[in-house]
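Participant: Could you work out the structure for the sequence below:
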Amino acid sequence: VNGGTLNLNNALGFAITNDITVNGGTAAFTSGTGSLGFSGAIQNFSTNTFTSAGAMTFLGTLQNYGVSTFNSTGPLILPAAIHNDGTLNFNATNSPVLSPLIDGVGNVTLQGATVFRVSSNDQLGTGTCTIGNAQTSTSRLELTGGITVVNPIAIFPRAFYGVVPATALNVSPDIVNVSGTNTLSPPASITLGGGGDLLTLQADSGKLIYTAGVTAAATARRLALRGAATGEFQGNIDYTGANSLYLFKLDSGTWTLSGANTPGQPTTISNGVLVINGTMDTNLITVAGGALAGIGILSGPVVVNSGATLAPGTGIGTLTISNSLTLASGSFTSVELNKTAGTSDQVIGMSSVTYGGTLAVTNLAGVLAAGDSFKLFDAAAYSGAFTGVIPATPGPGALRWDRSQLTVNGTLGVVTVAQPVITGVTYDGAHFTINGTNGTTGQTFYVLSSTNAATALTNWVRVATNVFAGNTFSSPIPVTAEPKRFYLISIP
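Facilitator: Model (predicted):
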């Protein structure tokens, strides 16, 4: 074909055994539900389109210097190697994973539902790989085999079908790590412009390392970090002009951010772990589920909802929040201590911290003793209280956690608590009041009862729960007529 238009159509299908060369003009080969087969060499210097609803098979060599488009709703079987100095458009909706070795300086576009799996460093040639051609595209680039891909990457953003804040998205990912540790290292950031508004990076297995950034070139773009495995985002998340980007961490895996991030919109963690070791701008970070960890510097307020976790550090480390921290009722704050080294995780720089939920403490080395203290939080203002500490005591015997300084200077201490002593009882005809001493202010205590003093302590019944208001204490217990009943004071 040297010019004009050549259309070869058959409602069923056909096969061409001759070589095909398109020097100019347009060539289109179209079949219906039958197969479309080519066994000769194909060279395209202009525009060449292959369309089939059935199987489409290429057995000869493919060389593209113009624009070659493959539209297939049936299986698409390509040569093992393709030379491309132009543009290859793959639009396959019912095909096995495509994985030809492409050499040359041309570009590759993954349209429709095309899945292209890369297992060698230079499998895409050296041109730009564009993922998607419409908001509803489900095409994706898959990485496997421990490779490094350095091609420029372009995205047609997909429509965001989730809700804000998102707990799940029913949108196919753009880039997926299938197995192994693979690095995607384009020379420039991926730009999210018009079209849809969503880019999804997903690590299903192994580890995906992405070294570049993501830039919002339109308002309210969205970046979702997904998968059950591990991802590392080394570049910057940012925007141009008056544009902005929402960040979502979804699924059970762990993603780490290490760049200077200025998304311009809130960040939501719904599942898994988001480790921030870089910086974040002044927008809100909501931990709706999963966990926030890291040693980064966060300039915006942080809210940890019920069921979610704040875990400062990566190992022993310091997380800086240059704003407020709110730990909601039902949340978890997980910190590590090292008695031997005298170190601990810390959250510092806060304008205010509001405690709530459970404080979970792990001692990595050494044996905690009375007098130990660890400054866990540093803020200009402290309020609220943890409902409990895990473990309930720092050690055996009379060792107890001292939480009294948490709202003073953010310090958790270890103290020895004297055993409460019952000093006397009174009876007014309806209540039996137990009086005693050696109470520790703020310490919870229980009144246990049994009709048999020899009953195992685990079988005594809790009849009252109180908190010591000071050294002395009293606890009135309603009583009924019975031959005998025994009482004791227990502290957790």
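Participant: Now stretch 470-479: buried residues?
Facilitator: Neighbour counts using 16 or more other C-beta atoms under 10 Å place Phe473, Ser475, Ile477, Val479 of stretch 470-479 among the buried residues. Any C-beta I mention is one placed from the backbone N, CA and C, and that applies to glycine too.
Participant: Please flag which of those sit within helices.
Facilitator: Counting by DSSP state H, none of the members of those fall within helices.
Participant: want to try CSV for those residues, with distance to Asn435 and pLDDT as columns?
Facilitator: Converted to CSV, those look like this (distance: C-beta to C-beta, whole Å; pLDDT from 0 to 100):
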residue, distance to Asn435, pLDDT
Phe473, 7, 79
Ser475, 8, 82
Ile477, 12, 86
Val479, 15, 81
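Participant: Which one of the residues you listed is nearest to Asp402?
Facilitator: Taking C-beta to C-beta as the measure, Asp402 sits nearest to Phe473 out of the buried residues of stretch 470-479, at 18.4 Å.
Participant: Hmm, Pro420 and the closest one touching each other?
Facilitator: Yes. Here Phe473 reaches Pro420: they are 7.1 Å apart, a contact under C-beta atoms under 8 Å.
Participant: Now list whatever residues contact both of the two.
Facilitator: Among the neighbours of Phe473, those also in contact with Pro420 (C-beta atoms under 8 Å, 6 or more residues apart in numbering) are Gly436, Thr437, Gly439, Phe445.
Participant: Could you identify the helix or strand that succeeds the lowest-mean-pLDDT helix or strand in the chain?
Facilitator: Least confident helix or strand, the chain: strand 473-478 with a mean of 83, by mean pLDDT, DSSP states H and E. Helices and strands here follow DSSP states H and E; after strand 473-478, the next one along the chain is strand 486-490.
Participant: returning to what we had before: now render the shared contacts of Phe473 and Pro420 as JSON lines, adding secondary structure, neighbour count and distance to Phe29.
Facilitator: Listed next are these as JSON lines, based on DSSP: H, G, I helix; E, B strand; the rest coil; neighbours: other C-beta atoms under 10 Å; distance: C-beta to C-beta, whole Å:
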{"residue": "Gly436", "secondary structure": "strand", "neighbour count": "19", "distance to Phe29": "95"}
{"residue": "Thr437", "secondary structure": "strand", "neighbour count": "14", "distance to Phe29": "96"}
{"residue": "Gly439", "secondary structure": "coil", "neighbour count": "23", "distance to Phe29": "90"}
{"residue": "Phe445", "secondary structure": "strand", "neighbour count": "19", "distance to Phe29": "85"}
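Participant: Just the closest of these to Asn94, please.
Facilitator: Phe445 (69.0 Å).
Participant: Wait, that closest one touches Ser490, no?
Facilitator: Yes. The pair Phe445 and Ser490 passes the contact test of C-beta under 8 Å, sitting 6.8 Å apart.
Participant: Please name the residues that touch Ile348.
Facilitator: Neighbouring residues of Ile348 by C-beta under 8 Å, 6+ apart: Thr318, Leu319, Thr320, Ile321, Phe377, Asp378.
Participant: what sits up against the least confident helix or strand of the chain?
Facilitator: Contacts of strand 473-478 with the rest of the structure, by C-beta under 8 Å, 6+ apart, involve 420, 430-437, 439, 445, 447, 449, 463-464, 466, 487, 489.
Participant: Pull out the buried residues from the residues you listed.
Facilitator: The neighbour count (16+ other C-beta under 10 Å) marks 420, 432, 434, 436, 439, 445, 447, 449, 463-464, 466, 487, 489 as buried among the contacts of strand 473-478.
Participant: now the residues you listed in CSV, with distance to Ser52 and pLDDT?
Facilitator: As requested, those are exported to CSV (distance: C-beta to C-beta, whole Å; pLDDT from 0 to 100):
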residue, distance to Ser52, pLDDT
Pro420, 84, 84
Phe432, 90, 83
Ile434, 88, 87
Gly436, 88, 88
Gly439, 84, 80
Phe445, 79, 85
Val447, 82, 90
Ser449, 83, 90
Val463, 80, 89
Ala464, 80, 88
Asn466, 79, 87
Tyr487, 86, 87
Ile489, 83, 87
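Participant: Now, the contacts of Ile348 that are in strands?
Facilitator: Using DSSP state E to define strands, the subset of the contacts of Ile348 located there is Thr318, Leu319, Thr320, Ile321, Phe377, Asp378.
Participant: ok, and the most crowded of these?
Facilitator: Neighbour counts for the ones in strands among the contacts of Ile348 were taken using other C-beta atoms under 10 Å; the highest belongs to Ile321, with 28 neighbours.
Participant: Could you measure from that one over to Ser383?
Facilitator: Taking C-beta to C-beta, to the nearest Å as the measure, Ile321 falls 15 Å from Ser383.
Participant: repeat for Ile77
Facilitator: 66 Å.
Participant: In terms of neighbours, single out the busier of the two.
Facilitator: The neighbour comparison of Ile77 against Ser383 (other C-beta under 10 Å) goes to Ile77, with 17 against 12.
Participant: can you pull the contacts of the most centrally placed residue in the chain?
Facilitator: For the chain, the residue lying nearest the average C-alpha position, counting by C-alpha atoms, centre = their mean, turns out to be Lys249 (3.5 Å). Neighbouring residues of Lys249 by C-beta under 8 Å, 6+ apart: Leu225, Trp255, Thr267, Thr268, Ile269, Ser270, Asn271, Gly272, Val273, Leu274, Gly290.
Participant: Gly206: how many residues sit nearby?
Facilitator: When neighbours are defined as other C-beta under 10 Å, Gly206 has 19 of them.
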